[in-house]
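Chemist: How does the following fold in three dimensions:
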Amino acid sequence: MKIAAAAYPTSFLESWKAYAEKITDWVQTAAGNGAELLVFPEYGAMELATLDGHDTALDLERCIHATSARILDADALHADLAVRFKVHILAASAPVIDETVAARPVNRARFFTPTGAMGVQDKQIMTRFEREDWDIAPGGPLRLFDTALGKIGVLICYDSEFPLLGRALKDADLILVPSVTEALAGYSRVRIGAQARALENQCVTVMSSVVGEAPWSQVIDTSTGTGGIFGPPDTGFPPTGVLASGTLNTPGWTYATVDPAQIAHVRADGVVLNSRHWAEQTGRDTPAPLTRLR
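Modeler: Below you'll find the predicted structure:
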């Protein structure tokens, strides 16, 4: 399969039509290059708040409600594009008000297939900004999607930095990592997390990023990153584990071709067997005893 990871610049939108044309163009470009799986980044949907004006987009609470109110329309657009272009799409995540899950908004990514099916994945662990300044809540549980491309999981940005969340997706062939990071250090943390999850689970991870400036938002005002696709540095994969990496802060798609048979092979007969040997750590999550040497 061919995978496309976005380095996505958000826009101040003049109309819903402008948004629909933008997303359609991005999907059409990736599909035209043969991609079957398209991954958009975390909080890329914040540009929807601009449809309610600059003041709303800039206000931390009002931008939640403005974005969440547009998500059903955005979902209908993405669902149509997935069917029309015969692709799987992870749409850019958004703050979504869903009182059946949490009293406060959750950070939700939505996944669409060419058959018209849809699944959602909420972020599990909030960053300091999300919990201290914005009051975004942890959402529903981790899910593993069984698709025509294989088993797919999603770890939204900060979630990718936690190995036990990654391990909960140990049966995933692909783990998608939509992200938004302000600084190079943040981008590096998420990228290292994505590569670590690929190493541990002997799977492929796909990182997408918001890029550029959005002076109309307190959430994504400055974003650093690029797209990247990673595997274990082992049999059938590059010795660095990097299948593809875009140019930092340059908008566009990063592509890589992945053979699901390679994932099965490296798990069964790689030079090392990280995934299989994980259980040998059992009981070692307690602190090591202190040995005094002074």
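Chemist: for this protein, which residue is closest to the average position?
Modeler: Residue closest to the average C-alpha location in the chain (C-alpha atoms, centre = their mean): Pro178, at 1.8 Å.
Chemist: Am I right that that residue is in a helix?
Modeler: No - counting by DSSP: H, G, I helix; E, B strand; the rest coil, Pro178 falls outside a helix, being strand.
Chemist: hang on, isn't it packed against Ile89?
Modeler: No - in this structure, Pro178 is not within contact of Ile89 by C-beta atoms under 8 Å, at 11.5 Å. The way it works is simple: take the backbone N, C-alpha and C, and place the C-beta from them, glycine included.
Chemist: joint contacts of those two?
Modeler: Phe40 (C-beta atoms under 8 Å, 6 or more residues apart in numbering).
Chemist: about what we covered before: can you tell me how far the residue nearest to the centre of the chain is from Ala91?
Modeler: Per C-beta to C-beta, to the nearest Å, Pro178 is found 9 Å from Ala91.
Chemist: what touches both of these two?
Modeler: Counting by C-beta under 8 Å, 6+ apart, the common neighbours of Pro178 and Ala91 are Phe40, Ala109.
Chemist: what's the residue nearest to the centre of the chain in contact with, if anything?
Modeler: 39-42, 44, 90, 92-93, 109, 154, 156-157, 207-208.
Chemist: Same check on Ser68?
Modeler: Applying C-beta under 8 Å, 6+ apart to Ser68 gives the contacts Ala94, Pro95, Val96, Ile97, Pro105.
Chemist: With Ser223 instead?
Modeler: Applying C-beta under 8 Å, 6+ apart, the residues near Ser223 are Thr10, Val180, Thr181, Glu182, Ser209, Val210, Val211, Gly212, Glu213, Ala214.
Chemist: And the strands in this structure, which stretches?
Modeler: Taking DSSP state E, the strands of the chain run over residues 2-9, 37-39, 88-90, 94-96, 106-112, 118-122, 144-147, 150-154, 174-179, 204-213, 222-223, 228-230, 242-245, 252-257.
Chemist: Output those in TSV; the columns should cover distance to Asn274.
Modeler: TSV is the format used below for the strands of the chain (distance: least, C-beta to C-beta, whole Å):
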stretch	distance to Asn274
strand 2-9	22
strand 37-39	23
strand 88-90	25
strand 94-96	34
strand 106-112	26
strand 118-122	24
strand 144-147	19
strand 150-154	17
strand 174-179	14
strand 204-213	14
strand 222-223	32
strand 228-230	14
strand 242-245	17
strand 252-257	21
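Chemist: Reformat those strands into TSV and put mean pLDDT and distance to His78 next to each item.
Modeler: Below are the strands of the chain laid out as TSV (pLDDT from 0 to 100; distance: least, C-beta to C-beta, whole Å):
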stretch	mean pLDDT	distance to His78
strand 2-9	98	13
strand 37-39	99	10
strand 88-90	98	5
strand 94-96	98	11
strand 106-112	98	5
strand 118-122	98	8
strand 144-147	97	15
strand 150-154	98	15
strand 174-179	98	13
strand 204-213	98	14
strand 222-223	98	21
strand 228-230	98	21
strand 242-245	98	23
strand 252-257	98	16
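Chemist: Please identify the most buried of these.
Modeler: Highest mean neighbour count among the strands of the chain (mean count of other C-beta atoms under 10 Å): strand 174-179, with a mean of 30.
Chemist: and that one, how far out from the chain's middle?
Modeler: Computed by C-alpha atoms, centre = their mean, to the nearest Å, the chain-centroid distance of strand 174-179 equals 4 Å.
Chemist: go on, stretch 146-156?
Modeler: The answer for stretch 146-156 is 11 Å, by C-alpha atoms, centre = their mean.
Chemist: check contacts around Gly236.
Modeler: Gly236 neighbours (C-beta under 8 Å, 6+ apart): Asp259, Gln262, His265, Val266.
Chemist: now Thr181
Modeler: By C-beta under 8 Å, 6+ apart, the contact list for Thr181 reads Cys157, Tyr187, Arg189, Val190, Ser209, Ser223, Thr224, Gly225.
Chemist: same thing but 7 Å
Modeler: Thr181 is in contact with Tyr187, Val190, Ser209, Ser223, Thr224, Gly225, counting by C-beta atoms under 7 Å, 6 or more residues apart in numbering.
Chemist: If you tally nearby residues, what's the number for Leu273?
Modeler: Neighbourhood size, Leu273 [other C-beta atoms under 10 Å]: 14.
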